[in-house]
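Trainee: next input, structure requested:
(chains A and B)
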Amino acid sequence: MQFFVLAVTLVVLTGIGFFFGRSHALSSVSGRARNLHSLPDYYGWYLALWCGLPSFGLFLLWVLAEPYLIDVLVINQMSAVLPDKWAGSSDLILNLVQSLAAGHTVPGEATPALQEAADHYNALKKTSFAGLAAAMASLVAAGLAWGLRQITPGLRARNQVEKVLRWLLVASATIAVLTTIGIILSLLFETIRFFQLTPFWDFLFGLSWSPQTSIRTDQVGSSGEFGAIPLFTGTLLVTFIAMAVAVPIGLMSAIYMADYASPKIRNIAKPMLEVLAGIPTVVYGFFAALTVGPFLRDVGMATGLEVSSESALAAGGVMGIMIIPFISSLSDDIIAAVPQSLRDGSLALGATRSETVRSVVLPAALPGVISACLLGVSRAIGETMIVVMAAGLAAKLTANPLESVTTVTVQIVTLLVGDQEFDSAKTLAAFALGLVLFAVTLVLNLVALRVVQKFREQYD
Amino acid sequence: MTVSHMSTSKLTAASLHRRHAVEKRFRAYGVVAIVTALVFLIILLSSMLSKGYSAFFQAQIRLPVFFSQDVIDPKRTNSSEIIARANYQILVRNALKARFPDVKKRREVKKLTMLISRGARRHLRAMVAHEPSLIGTTQEVWLLASGDADMFLKGAIPRDIPEKSRRINDRQIAWLNALEEDGASRRRFNVNFFTAGDSREAEQAGIWGAIVGSALTLIVTLILSFPVSVTAAVYLEELSTKNWWTDFLEVNINNMAAVPSIIYGLFGLAIFLNVMHLPRSAPVVGGIVLALMTFPTIIIATRASLKAVPPSIREAARGLGASPAQVVLHHVLPLAMPGIFTGTIIGMSRALGESAPLLMIGMVAFIVDIPQGLFDPASVLPVQIYLWADSPERAFVEKTAAATLVLMVFLVVMNATAVVLRRKFEKRW
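Mentor: Residues are numbered from 1 along each chain as shown, chains lettered A, B, ... in the order given. Reported below is the predicted structural model:
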C-alpha cells in the first residue's frame, strides 16, 4: 500500500514535470514555438523523463533488493542471541519473525528474542521506506533541476525522447529473452540440486517411480525411487493415443475443407472447430473423467474387457479431440497455400480429385503437415489438466491403453501441489521432470521449424 | 483389333469405376472426420448442459420454526451479542422433531437433521438479528436442503438402487417424500451459487470467490502483458533492422508460445515464490505468470495487424516529415489498434481458461473468503472447477458442470467481442 502511494506520487510528479518542461521551453522563446527545435510537447516529455525515469529505476531496484537485505540484517542480528538449536534453520526463523512482525500469532512460543527480532524487522522496514522516499524525492528534484538547465531552444528534445523510447521498446522485447533464460536457469538450478540427491542415470533409466519420501530418515522406505521410465512410457502412450485420434480426423477435415467443401459448409465447420480449440483444458479433463472414463469402463464391462476407470484411452482420446482443431487449422493453411495451378495441372491430366490430393497436394504440403503433427505431439506431451483429471497416479510400465498410466505432467502436479518443504528430493524431482519436458518440447518445436524451412517447396 | 479395343475400353471403364469408388470413399472420409469432430463437440457441450443446469436451482424445505426464547436468549438480555451467539442448530432440530414426532432415537434424529443444510442456522440467525421480535413466535421458514436431500428432490438419486450405494437412506427418503406431499419442498433459482465463495457443503458452495479471483488475476495479466507485448511488437515490426539480435528475439518469442503452460508454473514457483517471496495463492503472482504466457499471443497478433497496415501510410507520413517514432505512434499504431485489441481479448480468454500453471503457485487452496485484493489468497474459475471435480459427492458434480457452463459463457462473450471488433473495424486496404 505504501509503495502504491509512492508510485502514484511519482506519476503525479512526472506529470508536473511534463507541463513544467513544456512551459519552460515555450517561455524561453517567448511563446514562439517555431523557434524551438522540436514541438513543445517533446520538451515536456524530456523533462518528465528526467524526473521520472531515474527514481523509477531506483524504486524497482529497491523493491527487489529490500526484502533480501532486511532478511540478511535480521538474521545477522539474531544469530548472536539465538540458541544453537536454531542454527542453520534461518528460513524457518525468518518466517516466524515475519509473521510476528505482521502482527499474526505464531505457533509455539514467541520468545523475547523472536519478538525483539520482529520489532527490529519492523523498524528496518520503516527506515527503508523513509530512505526510499527521501532518495526518490531527491532524484526527482535533481532530475528536474538538471533537465531544466538543459532545456534551451536549440535542444534536440525529440531526438532525445525518441532515443529513450527506443530503449524502452528494446527493453520490452528483451523480456522474451529474459523469460526464456529465467525458465532454463530456474529449472536447471533445482535439477542440479536434485541430481546431488539422486544419481542422474537412476533418474533417466530407472524403472521404478515411487517418490514417497518419509519425514524421518529412519523410517522404512524413506528414500523414494525416482526412475522416470514409467512416466516417459505413460506419456508416450497417452500421446500416441491422442495423435491416433487427432491426426486422421484433423488432417481429413483439413483436406475436406480446403479441397471439397463449399464455402457454405466451410463457414459453418471452421468456427465449430475453433470452438473446440477454445474450450479450456480443465473442461476437457472434467469431460474425460466424468463422461468418457465411466463410458469406456461400462463398454469394457459389457464386452468382458477390464477397463480401468482412469484409463490411458480415456485421457488420450479426449486429448486427441482437443488437438484436432490444432492439427486441422495448421494443415488447412498449408494445404490452402499449395498453388491452384498444381491442382489444375493434375486434374487436366485426368486425375480424380482424391488422386490429385494424394499424389500432388499432400506431397507438396508434406513438410508443413509433418511440422503441424510435431507441434501437436509437443502439445500432447505438455498437456496437464486432462491427464491430471483423467489419467491415474500409479506409475506402471505398460503398453495397454485400457490400464491407468501416469505422465510426466501428472507427476509434476502431484509432487508440487500442497505444502512442501523445498529441499526434499520429492519437490526437486518435479523440476527435473520439468526440465525434461521443456527440453523435449523445445527440440520438437525447433525440429518442426527446421522441417518447414528445409523441405518447403518454393512455388512462384 | 475390335476385340482388343473392346477390352481396353472395358478395362478403362472398370478402372474408372474403381477410381470413382475411391474418390467417393475419400470424400466420405472427409465428411466423417468433420462430423466426428462436431459430434464430439456436441457430446461435450450437451453433457455439461445436462449435468450442470440443475445446479442453477436449489431445493428448499419449509419448516415451522419456533424461535424459542430459551434457546436464543434464555436470560432475556436482548443483547444482540447473545442473540448472535445462540445455537440456532437446535431450532432447526426442534422444528424437524416437531414435524416428525415419531423420530426419537439419537441416530435417527441426526439423520433427520442431515436433510437440512448446515447453513440454515446462519439463515435463522440473520432473521432474528434483522427482526428481534420474532423471538417467541413460530414462523414458516423455507430452509436450504442439504446437498444430498437436494440431489434426491431433484431426482438425481434413483430410488431403485440399493440403499448402501446411495448417500441417502430409506428413512430419509420417506421423510423427504412426506415433506414433498405436504408441499413443503420447492425449487428456487440458486442465487447463492453466484454470490458465495467455496464451501465444503455442496449446497452452500458458490463461484463468486473464483470469479473475483479470476478478475483480479486477469487485471494483473492485462496491465502487464498488454503494454509490454505491444511495445515489443512495435519494436520488432517497425523500428528494428533485421540482425542476429532480432532473429534471436523472434526465436525466443516463438519458443515462448510453444512452451507447455505447466513450465510457466514451475518458473513462477521457483522465481516468484521461492526467490522473491511473493505470497502463495495470490492473484498478483498468478497474473504475472499468465502475463508471461499471453505475451507471445499478443505479440504475434500485434505484429500481424501492424503488417496489415499498408506501406503507403508510412511513406506518406515520412514524406510529410514525420520521424520514425511519429510515423508509428501517430499513424500505424492507431490504425492497427482494432487488430491488437482482438488479439489481446483472445489472449485474455486463453488466460482465463488456463489452470495448470496456477496449480503450481498454490492457487488450488480451499478458500472460502472472497478475495479483497491482489495479495489475498484466491482461486480462479478453472481451478475451482478442478477442485470441485475432485469431490466425490454427487452434488458437487452438478456444481462442477455448472461452473464449467459459466466459464464457457465468459469465454464465448470474450471471443464474440473479439469477432465483432474484428468485423466492425477491420479495414481492407
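Trainee: next, A:Ile151: phi, psi?
Mentor: With angles defined as degrees, to the nearest 10, A:Ile151 sits at phi -70, psi 110.
Trainee: what about the longest helix along chain B and chain A, touching?
Mentor: Ranked by residue count and defined by DSSP state H, the top helix of chain B is helix B:2-52. Yes - shown here: helix B:2-52 in contact with chain A (Cβ under 8 Å from any Cβ of the partner chain) through B:19-20, B:22-23, B:26-27, B:29-34, B:36-38, B:40-41, B:43-44, B:47-48, B:51. Backbone N, C-alpha and C define where each C-beta goes, glycine included.
Trainee: what packs against whatever helix or strand comes next after that helix?
Mentor: The helix or strand immediately downstream of helix B:2-52 is strand B:57-66, counting by DSSP states H and E. With contacts taken as 3 or more Cβ pairs under 8 Å, 6 or more residues apart in numbering or on different chains; DSSP states H and E, strand B:57-66 sits against helix B:89-99, strand B:138-144, helix B:147-153, strand B:185-189.
Trainee: export strand B:57-66 as CSV, just CAs?
Mentor: In CSV, the C-alpha atoms belonging to strand B:57-66 read as follows (Å, rounded to 0.1, in the frame of the first residue of the first chain):
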residue,chain,number,x,y,z
PHE,B,57,-31.8,-24.5,-9.0
GLN,B,58,-31.9,-25.4,-5.4
ALA,B,59,-34.3,-27.4,-3.2
GLN,B,60,-35.7,-25.7,-0.1
ILE,B,61,-37.8,-27.3,2.7
ARG,B,62,-40.5,-25.4,4.6
LEU,B,63,-40.5,-25.9,8.3
PRO,B,64,-42.5,-24.3,11.1
VAL,B,65,-39.6,-23.0,13.2
PHE,B,66,-40.3,-22.0,16.8
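Trainee: in that strand, what's buried?
Mentor: Buried residues in strand B:57-66, defined by neighbour count with 16 or more other Cβ atoms under 10 Å in any protein chain shown: B:Phe57, B:Gln58, B:Ala59, B:Gln60, B:Ile61, B:Arg62, B:Leu63, B:Val65.
Trainee: can you list contacts of that strand?
Mentor: With Cβ atoms under 8 Å, 6 or more residues apart in numbering or on different chains as the test, strand B:57-66 has contacts from B:91-92, B:94-96, B:98-99, B:115-116, B:124, B:137-145, B:149-150, B:153-154, B:179, B:183-190, B:192-193, B:203.
Trainee: pull up the pairing partners for that strand, direction included.
Mentor: strand B:138-144 (antiparallel), strand B:185-189 (antiparallel) (DSSP bridges).
Trainee: which other residues reach whichever helix or strand comes after the shortest one?
Mentor: It stands for strand B:185-189. Note on strand B:185-189: by DSSP H and E, the next helix or strand toward the C-terminus is helix B:191-195. Here helix B:191-195 makes contact (Cβ under 8 Å, 6+ apart) with B:Ala55, B:Phe56, B:Gln58, B:Leu144, B:Glu203, B:Gln204, B:Ala205, B:Gly206, B:Ile207, B:Trp208, B:Lys399, B:Ala402.
Trainee: 6 Å instead?
Mentor: Residues outside helix B:191-195 that contact it (Cβ atoms under 6 Å, 6 or more residues apart in numbering or on different chains): B:Gly206, B:Trp208.
Trainee: mind giving me the packing neighbours of the next helix or strand after that helix?
Mentor: Per DSSP H and E, the first helix or strand lying C-terminal to helix B:191-195 is helix B:208-234. Applying 3 or more Cβ pairs under 6 Å, 6 or more residues apart in numbering or on different chains; DSSP states H and E, one finds that helix B:208-234 contacts helix A:157-197, helix B:283-307, helix B:381-389.
Trainee: what do you get if the cut-off is 10 Å, keeping everything else the same?
Mentor: Secondary-structure packing of helix B:208-234 (3 or more Cβ pairs under 10 Å, 6 or more residues apart in numbering or on different chains; DSSP states H and E): helix A:157-197, helix B:191-195, helix B:244-258, helix B:283-307, helix B:333-353, helix B:356-360, helix B:381-389, helix B:394-425.
Trainee: related to what we said a few turns ago, nearest to A:Glu66, out of the helices and strands packed on strand B:57-66?
Mentor: For A:Glu66, the closest of those is helix B:147-153, at 47.8 Å, according to Cβ to Cβ.
Trainee: just the CA coordinates for the lowest-mean-pLDDT helix or strand in chain A, please, in CSV.
Mentor: Sorting the helices and strands of chain A by mean pLDDT, DSSP states H and E puts helix A:90-101 at the bottom, at a mean of 72. Extracted C-alpha coordinates of helix A:90-101, given in CSV (Å, rounded to 0.1, in the frame of the first residue of the first chain):
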residue,chain,number,x,y,z
SER,A,90,17.3,-19.4,9.1
ASP,A,91,14.4,-19.7,6.7
LEU,A,92,12.2,-21.0,9.5
ILE,A,93,13.2,-18.2,11.8
LEU,A,94,12.6,-15.6,9.1
ASN,A,95,9.1,-17.0,8.6
LEU,A,96,8.4,-16.7,12.3
VAL,A,97,9.8,-13.2,12.5
GLN,A,98,7.9,-12.0,9.5
SER,A,99,4.6,-13.3,10.7
LEU,A,100,5.2,-11.8,14.2
ALA,A,101,6.1,-8.5,12.6
